[in-house]
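Colleague: test case, fold it:
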Amino acid sequence: MITLKSPREIEMMDESGELLADVHRHLRDFIKPGVTSMEIEKFVKDFIESHGGIAAQIGFEGYEYATCCSINDEICHGFPRKKPLKKGDLIKLDMCVEYKGAMSDSCWSYAVGEVSPEIERLMEVTKKALYLGIEQAQVGNRIGDIGHAIQTYAEGEGFSVVRDFVGHGIGPTIHEEPAIPHYGVAGKGLRLREGMVITIEPMINTGVWQMKMDPNGWTAYTKDGGWSAQYEHTLAITKEGPKILTSQGEEGTY
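Modeller: The predicted model follows:
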């Protein structure tokens, strides 16, 4: 079921998104070689709760942590762990916040120290792909327009687009309809309507797009061991254009 949000509900989700974005801003200085993803997990959970929010991923479909900490060839849903990060690693931090009853969801990729030129380019392409997708999130456009923009750009740069995990509607729960693939055909799919709130979260790989699952039942890896990056925003579809609700300060309404 797709729920259309009122201006007041979008405003509340914007407040939730600001708290989530604030977590990401603080992680920029926290993530460095020698830090463990379990320490990141504690930092995130404590930050959210100390600011009046709820780490909404905890307990969602049985997941135990506030964060998904996916490293290098892990595409998504990596568990926090006690192994220290090392220089050159790439970590993706995905989290959801509930604040005053409103949901937000965002993932960001972080270089641990200095990464290789290839991984730096992977991060740049993935981030640009996200914003190219957001540009298509206009009233009257179709879901396929978003995926087509992302896929065309990322594959044109020599990377691949993960098919198995997609964006989604959000609110009142974490995952709502509709699904938002990061690949597809322009002009196809559900038409976007004012009041829809969705996530766009492309996962882009250096190698093939296919994945394999960890025995833990959660963590997805690239099938060929290539590295993967991800960036995600929650955004509202408005008459004025897509409004990013998890902006970190350098982004806003298109």
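
Colleague: only C-alpha atoms from now on, for both contacts and neighbour counts.
Modeller: Fine.

Colleague: what stretches of this structure score poorly on pLDDT?
Modeller: Along the chain, segments meeting pLDDT under 70 span 249-254.

Colleague: mind checking the SS state of residue 129?
Modeller: In three-state terms, and counting by DSSP: H, G, I helix; E, B strand; the rest coil, residue 129 is helix.

Colleague: what are the contacting residues of the helix or strand where residue 179 lies?
Modeller: Take DSSP states H and E as the rule and residue 179 turns out to sit in strand 176-180. Outside strand 176-180, the residues within contact range by C-alpha atoms under 8 Å, 6 or more residues apart in numbering are 1-2, 143, 146-147, 166-170, 198-200.

Colleague: hmm, 7 Å instead?
Modeller: Residues from elsewhere that reach strand 176-180 (C-alpha atoms under 7 Å, 6 or more residues apart in numbering): 1, 2, 143, 166, 167, 168, 169, 170, 200.

Colleague: now do the buried residues in the longest helix seen in the chain.
Modeller: When the chain is parsed with DSSP state H, its longest helix is helix 7-30. Using 16 or more other C-alpha atoms under 10 Å as the test for burial, helix 7-30 gives 9-10, 12-24, 27.

Colleague: centre of the chain versus stretch 18-31, how much separation?
Modeller: 14 Å (C-alpha atoms, centre = their mean, to the nearest Å).

Colleague: same thing with stretch 154-168?
Modeller: 13 Å.

Colleague: parallel or antiparallel, list what pairs with the strand holding residue 179.
Modeller: Sheet pairing for strand 176-180, assigned by DSSP bridges, gives strand 167-169 (antiparallel).

Colleague: strands of the stretch 151-254 of the chain, residue ranges please.
Modeller: For the stretch 151-254 of the chain, applying DSSP state E, counting those that start in this stretch gives strands covering 160-161, 167-169, 176-180, 197-200, 203-205, 211-213, 220-222, 228-230, 233-238, 241-244.

Colleague: can you say which of these is packed in most?
Modeller: Neighbour counts (mean count of other C-alpha atoms under 10 Å) averaged over each of the strands of the stretch 151-254 of the chain peak at strand 228-230, with a mean of 30.

Colleague: thanks a lot, catch you later.
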